[in-house]
Every structure is written in C-alpha cells, then in structure tokens.
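K.L.:
A predicted structure for the sequence below; I have some questions about it.
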Amino acid sequence: MPGAEARAAQTTVFRAKKIVTMNPTQPEATCVAVRDGRILAVGTEAEMDGWGPHVVDSRFGDKVLMPGLVEGHSHLMEGGFWKFAYVGYHDRRGPDGRVWTGLRSFDAVVTRLSEFEREMQDPSEPLLAWGLDPIFFGEQRMTTRELDRVSATRPVAVLHASIHLLNVNTAMLRKAGIDRHTDVEGVARHPDGSPSGELQEFAAMFPVMRAIGNAFKTAGMSDDGLWRFGRVAQLAGVTTATDMLNDWTEEAVEGMARVIGHEDFPVRIVSAYRSLDAPTETEQGLRRLGELRRLNTGKLRFSLVKLVVDGSIQGFTARLRWPGYYDGHPNGIWVVPPNELAGIVERLHGAGAHLHVHTNGDEATEVALDAIEAALARHPRPDHRHTLQHCQMADAAQFRRMAKLGVCVNLFANHVFYWGDAHYTQTMGPDRANRMDACGTALRCGVPFAIHSDAPITPLGPLFTAWCAVNRRTASGRVLGAAERIDVPRALAAITLGAAYTLRMDHEIGSIEVGKRADFCVLEDDPLALSPECLKEARVWGTVMGGRSFEASHG
Amino acid sequence: MGEAAPVAGRIPLTVVGGFLGAGKTTLLNRILAGAAGLRAAVLVNDFGAINVDAAIIGERGGETISLNNGCVCCSIGGDLVDALIRVMSRSPAPEWIVIEASGVSDPWRIAQVGLADPGLELDGVIVMVDGTAAAEDLRNPLLRDTLVRQLMAADVVVLNKRDLAGNSRLREEIGRMVPGALVLEAAHAAVPLEALTGFAAARMLDAERMPSAAPHASHSSQFESVSVAWEGRYSAAHLRTLLARMPAGVLRAKGLVGTDEADASVLQFCGRHGSLRPLEGARAAIPGQVVAIGLAGKLPARALLHALTCARLGEAAVAGARR
C-alpha cells in the first residue's frame, strides 16, 4: 500500500497494563492508538490492527493510563512561587519533582530558611518564602524573633498560604520603613509595642511589597514562572489546567503565547479574564474575549470570564446568609456589588460569554444564582455551562436551583482537608461544616461538578483532591459530613470529564475515546484497585499530551 | 529583583470610596482636570470612564493617561500594589495620589497604606454617596452593612446628586451614623477641593510662623482655622489621646512639634484619623506649630487650645511660662 510506511510512522499504539477510559461504553482497555496527537482507537491489541501499520510502544506495559487530569481551578502564580522557598505545613512537590517536607514547627521553618540563606550570594538580596499557615500552630504566631535567627542583616519575607499575610524579619521591617510609629491595624506588635513582623492585609503588606518590587506577583507571569507551573501540573498527572484570574494585558498574553505555545510545555491552559465591576471593564472583557479568541490554539485558550462575588471563608470575608459566622465574626465582603451583579451577568451572558463565578459563602451563591436566573429569563441559552467556583456552603435547595438553571459547580474539595477543622470549630460550626463542598448533594441533584485545588492556595494535585472528595478527612482526621462523600469512580470523573465539562472541553478531553486528544495521566498504580483511603498515594509516572510523553522524573 | 525608586518626602494620599454611580468618576475627572492645582496621580478602576478635555491629554497608553497639566491617570486593573508602586516611582514624584476604591470595597482597608508606607501620608478618605439611592441601599439587607462600613471609614462624606434627591433625612441619618465626619451636599460632585484635603492646613503650617503662643485664627468664607504656636515639648501620649478624641468640629489638623519621643514629630489629623510620628529627614522649619481647620463658626478653638495646653510636658511647660 503506498504511503503505508509513512502512515505507520504516524500511528503509535500505547500498550498499558490497564486503561481506565472514563467512557462508560468501554470502561477499560489495554491499548490506545494515537495518530496526529489524537486518539484513533481504544481496545485490545488485536482491535488496533484494522487501522493498518503502526508502531507499538510498550513503555507503559506495567502502568495504568487514565485520561489526562484536568485542574479546573488553579492560578499560574503557583509556578512563580516556586522561585521562592516553600515553608508550608504540608508536604508539597516542587517543579523539579522534589518533595519538600511540611514544616511542623517554627524552628523547622528557620532551619529551611537558613539553608536557603546560606546559598545566596548577594548579601542585600531579600530572601523570600511562601506557604506559611499559622492556622496549624494554634495560638503561636511567628515573629521577628524567629526570622531574625535566619539573618540579622538580610531582609526576609514569608508570605502566608492565604497570601493575605506576611511575616518579615527586623532587617525587612527596616528596609520597608515599618517601625513602632507605624500606626496601622495590620501591623501586629510585640508586647512592648514594636512591630512583631506579622503584617496583615494590603496596607500593612504594601511597604514590603514595594521594597521587594512586587516580586511574588511578577514572578507568576514571568517565563520562568509559567514553565514552573507547567512542570508542577505535569508532575501531578495534569494535561489541562486553568488560569482562573488574568487581566489579559498585552504583555501577559504575549508571554503566555510564547511559553505555553512552546512544544515542550507540557500542559494545555484555559485562561479566564478577570472582570471587574466597573462598567467599562465589562465591555473591555468582551472586547478582549473577541480579540484573543483568534489566538486560541490547542494548547492555550482565552475562553472564560471570571467574576468574583465575595471573599474567603477562612479569611471571614465570604458572604454568609443567616446565621452567619459561627464565632460571631461580622459578615464578609462583596467584591462585585450584589445589586450590580445581575446587570453584569446579563451583559456578559447576553454577549455569549462563558462565566465562572467565584462564590464562597451561601449568600454570594444565592445572589449569583439570582443573577444567572434573571439573565436566562431574558436571553434563554441552553447549555451555557456557567459555573459556580468554590461554592463551598451551598445547601441542597441551591443545588436544586443550579440543576434547574443548567449551572455547573466546581467544588473546593481540598478545603475539607486543609481547613475542615477550622470550619468545624470556628467559621461554620459542625452542621454547616459537614455540608461544605457537597459533592454528594451535587451528584444527587444532578448538577455537573468538578473539584479543585485553587493552587497555589492548596497544592495542585487532582488525585489528592479526589481523595478529599472520597474520604472527607480533615487534617486532624475527622470525617466531615460522611453523607457528602462520593465513590472513587465518581471522584475520578470529577477530575477528568467533570472538569472538562465546566470548561466546555468535554468533547476534546476528559476521557479516552476515539477522536479526543491523546492526553493521558500515566500511573504506576491503578486508582480503582487502591483502597479509597489510599487514593492520594497513587504514584504518577508522568503524562502524555497530544501523543507525546512527559516523564515526571525527567526535566 | 526590581526595586522601586525611593520617594522624596511623603506623598499625600486620598482614597475616594462609594458605590457605583455615586459620582466618584466625576470627582476624579475634576481632579485630573487640574482642579487642585497639583501634580496629581489618580488610580482608577473604571479607566474607560475617565473623561478629560482632549486638549490637555499628553500621552494615552493602555493603562496610563498623562496630561499636560502634570496629572496622570492610571488603571488599577487587578493589582493595586503594582499600580501604586508605579505611580510612587514616577519622576517627578506626584504631589498627590488619589486612589479610587472599587464600588463595594471598604476604603479604609486601602487608606491605611497612607499610614503604613513611609513614602505616603494619609490625607483622608472621601466617600461619595448617591443621594437618590442611599436611603434605599441602607434598607437593603444585602447592601446596608457594606454602605455603613464605607461611611464609618469616611473623613468626608459627599452627599451627591442634591439636585435630584432633595431630602434632608438622609443627611441627618448619615450625620448620626458618622458623627465625626464632615458631610457635604453637592450636585455633580462639585465640592471645594480644599474641603476634601488637608492641603490648606499644610500650606498654613508652612506659611504661618506665629511668634506668640496665643492662638491665631483666620477666616475664609466656608472654613476657619486656628493656629497654636508653642516651642516647648509635648507629651506624645497626650497628643495621641487628643488625636483619638479630637473635639468635634475639627476637620483637619497638622503640626510639627517637639515631643518626649523626638525633637520634631509630625502631627496629622484628617476627619477622624490622626497620627503622630517622628519626622524623617531634615526640615527647615522649627517645630512648634499646630494648625487646625473646621467649618466656619464650628471650629472648637477653645477646646483645642485647652487640650494642647494640657498635653504640654510639665518641665517644658514651666520653661514656657517663664519666657
């Protein structure tokens, strides 16, 4: 047959120990044929033959393939942060594959920072770190006393996991010009009135951010930062990730096109425009959506509009309905005015935009559902797939509304582990903490759902996120709301096809089916064979994206 | 790692808050048009709504408009930190920075940066209120706490759209809610800028060096001021107490005084927030002067003088009496 050889060179059959397809028609297979970066056939080796000559690739002969995992809510900033020292409480894997052990004491933080400090050449260069979470240290707060042990002369700044707080040493206080006369609520103090080095929220943190040239932010959109993000995602078995908040400036778009478009970049990125409440910003978003759509490729897509309605629950800035915060905190903040939201949603929806709406508290969720309902009444649009992001406190009635309105939800399952104990004892109280991030209710109500990490707020790792949804264990080991647990197959669907659906990409990715992109997560272990309590231990070999393999252990 | 250029002296910072439609952009357009006679840098959310006379536009970029009058307008976008660093690094440095707080945000969260950063000096928080909508907003359970939070942060409340609203009950209600703030009624955000800022007080402090310890008052049409000169030292603790419990009617105060903490400390009071901190760097003027401004006929000059006299350090007070 003429050209048979050329065709053979283009067709690769990957043989695996097992292929978990996420396609109910054909749940399992052992071979998948790939041509032109797409899936040509799925089945047994004999079933591949009908497609003509092909090369059999057996490198996955002892491995399990799944659809490439989809992280439905993450931020590119995760990559930038890895430029700095990680000092979080929990283990976390960096872009080089190294697992940084979680630091369980301030002494351990000081030790790690001192190690970084010794490696630095320029004595005036600030030492920056991230991931500190005092919620795990009880009443104890970090101060200059600890960080001055790292260096008495080099400025040191440690960003908290929440990204709303900083700890700095005395040298950094001096560099930033913060002293006992700095009369701001966010400057925490020693008993003698001098600053303790903990700086809370924008105003108190700003002098440090200015002194370090806004380094935490700028690192995120740098080429290096984007590459690191790609590596972190790849190591977690992810082949499609989201960039859930971007201002789509010319500079940002150029950088993304350059780096993400590179053939060695291992992840597809779906980007969301951050729409602000100012009316001209809404129009600007629609204009950019129209312009950038033309730049969309298989790797990089500018396709979503993000609206942020409220703050966070652990920061007490989420908007709650009655009875509010368990510990009596005043209600949280609006980011978009609740009375303007309907107008903004109607304008964006009417123009055809695909909306992803951040709502943490149930009052914010209610206002968002009202807005979407009103927009749909005026501009009926089947299959809009507007998605509520986080939506952590929604009750069953709200899930029933979502189902009726065709709204999808992306639940913040990792919260159950990381902040579940705090929600139980401080923010929500037992009953409402038990219904948080309610995958079980979403399933029962028929709301299409995904689950996510919100990296860098929690580590990017969909298999861990699935473990959270399956087990609902908090960091202390409490099971939070057993009735909201889902089984392993459904959790795996949420981190593949479920997330793809919220991105309107379920026809392209999310399952191993003929015609879809050849994106696989390659595992050493079969997640369906592991006990559900061990799902997070499933070892990731790497990924295949568009037919090309990206091994985790090789940079 | 990029480092922002140092700022020479502290730049006064004003934050303008208020709901969408309250008139923030109208006010900002006036400031950009040069109404204050200063090289102002204005940071805005609604960049596209900025509307200044085309004749004064110098250069227009994606995120910045430079005007021939020295003013500049910058888009905040999603990153206020970045925008504020950018304007603080400009050369020549702006003489005034104005930040527009987004519609439902708490302006006080932003304004405190004027107390935190050594390159800035908080001049005050202005909250614009839509006179035609606020009464209803205060009854809306979704909005009430947000609006109250904004009003509580205000040094000056501008009750805008007076021409359309015409009810004084709102003004009374706001006055009750925020007893320390100055409430001005306006149409089309037309308020005298000297009422919104501490510049008048600052200019007086620089210009007036009174030789005597007697309070000196000057009067203009809407405002009156009092100036207290005394070359001895004050108790810093007493001054801070005064700043926290300023007699009602003082809108602005500014001073350069000696205290038991420093040879020269800057005293600053705007609306309802005060600060006292040691002067950084050199200053030609000799410490010993406090200037306060209030509405004509409403400035509590006697109470203020009394409080300042009580704040004099004992030893220095004796020395002062001997002179």
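P.N.:
Yes, it's here.

K.L.:
how much space between B:Ala195 and B:Gly18?
P.N.:
Counting by C-beta to C-beta, to the nearest Å, the separation of B:Ala195 from B:Gly18 is 16 Å. For every residue, glycine as well, the C-beta is placed using N, CA and C.

K.L.:
And the pLDDT for the residue of chain A found nearest chain B?
P.N.:
Minimum separation of chain A from chain B (C-beta to the nearest C-beta) falls at A:Thr280, amounting to 2.8 Å. In the prediction, the pLDDT value recorded for A:Thr280 is 78.

K.L.:
Neighbour count: B:Ala195 and B:Gly18, which is higher?
P.N.:
A direct count of neighbours by other C-beta atoms under 10 Å in any protein chain shown for B:Ala195 and B:Gly18 places B:Gly18 higher, at 28 against 19.

K.L.:
Bridged to that one, which residues?
P.N.:
B:Met128 (DSSP bridges).

K.L.:
Is it correct that it is in contact with B:Val127?
P.N.:
Yes. Taking contact to mean C-beta atoms under 8 Å, the distance of 5.2 Å between B:Gly18 and B:Val127 places them in contact.

K.L.:
what is in contact with the two at once?
P.N.:
B:150, B:158 (C-beta atoms under 8 Å, 6 or more residues apart in numbering or on different chains).

K.L.:
Any stretches of the chain with poor pLDDT?
P.N.:
In the absence of a named chain, this looks at chain A. Counting by pLDDT under 70, chain A shows low-confidence ranges at A:1-9, A:554-555.

K.L.:
was after chain B, sorry
P.N.:
B:1-8, B:166-167, B:200, B:204-221, B:281-285, B:315-323.

K.L.:
Can you pull the domain assignment for it?
P.N.:
Described in terms of automatic domain parsing, the domain architecture of chain B consists of the residue ranges B:11-196, B:199-322.

K.L.:
which one of those is the most hemmed in?
P.N.:
The highest average neighbour count among the domains of chain B, using mean count of other C-beta atoms under 10 Å in any protein chain shown, belongs to domain B:11-196 at a mean of 20.

K.L.:
now it, how far from the centre of its chain.
P.N.:
Remark: domain B:11-196 is offset 11 Å from the chain centroid, using C-alpha atoms, centre = their mean, to the nearest Å.

K.L.:
With stretch A:356-372 instead?
P.N.:
19 Å.

K.L.:
buried sites along that stretch?
P.N.:
When burial is assessed from 16 or more other C-beta atoms under 10 Å in any protein chain shown, stretch A:356-372 yields the following buried residues: A:356-369, A:371-372.

K.L.:
Please save the CA atoms from it in PDB.
P.N.:
The C-alpha atoms that make up stretch A:356-372 are tabulated as PDB, following Å, rounded to 0.1, in the frame of the first residue of the first chain:
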ATOM      1  CA  HIS A 356     -17.100  31.300  36.000                       C
ATOM      2  CA  VAL A 357     -18.400  32.900  39.200                       C
ATOM      3  CA  HIS A 358     -16.500  32.800  42.500                       C
ATOM      4  CA  THR A 359     -18.900  32.400  45.400                       C
ATOM      5  CA  ASN A 360     -17.700  31.000  48.700                       C
ATOM      6  CA  GLY A 361     -20.500  31.900  51.100                       C
ATOM      7  CA  ASP A 362     -24.100  30.900  50.600                       C
ATOM      8  CA  GLU A 363     -25.300  34.500  50.400                       C
ATOM      9  CA  ALA A 364     -22.900  35.100  47.500                       C
ATOM     10  CA  THR A 365     -24.100  31.900  45.800                       C
ATOM     11  CA  GLU A 366     -27.800  33.000  46.200                       C
ATOM     12  CA  VAL A 367     -27.100  36.400  44.600                       C
ATOM     13  CA  ALA A 368     -25.200  34.700  41.700                       C
ATOM     14  CA  LEU A 369     -28.000  32.200  41.100                       C
ATOM     15  CA  ASP A 370     -30.500  35.100  41.100                       C
ATOM     16  CA  ALA A 371     -28.400  36.900  38.500                       C
ATOM     17  CA  ILE A 372     -28.000  33.900  36.300                       C
END
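
K.L.:
Over to the nearest residue to B:Arg10 once chain neighbours are set aside. Which of the three states is it?
P.N.:
Take B:Arg10 and drop its neighbours on the chain: the residue closest to it by C-beta to C-beta, 6 or more residues apart in numbering or on different chains is B:Glu121, 3.8 Å away. For B:Glu121, the reduced secondary structure class is strand; criterion used: DSSP: H, G, I helix; E, B strand; the rest coil.

K.L.:
Same question for A:Thr425.
P.N.:
Going by three-state DSSP: A:Thr425 is helix.

K.L.:
quick one: it from A:Val416, how far?
P.N.:
Here A:Thr425 is placed at a distance of 14 Å from A:Val416 (C-beta to C-beta).
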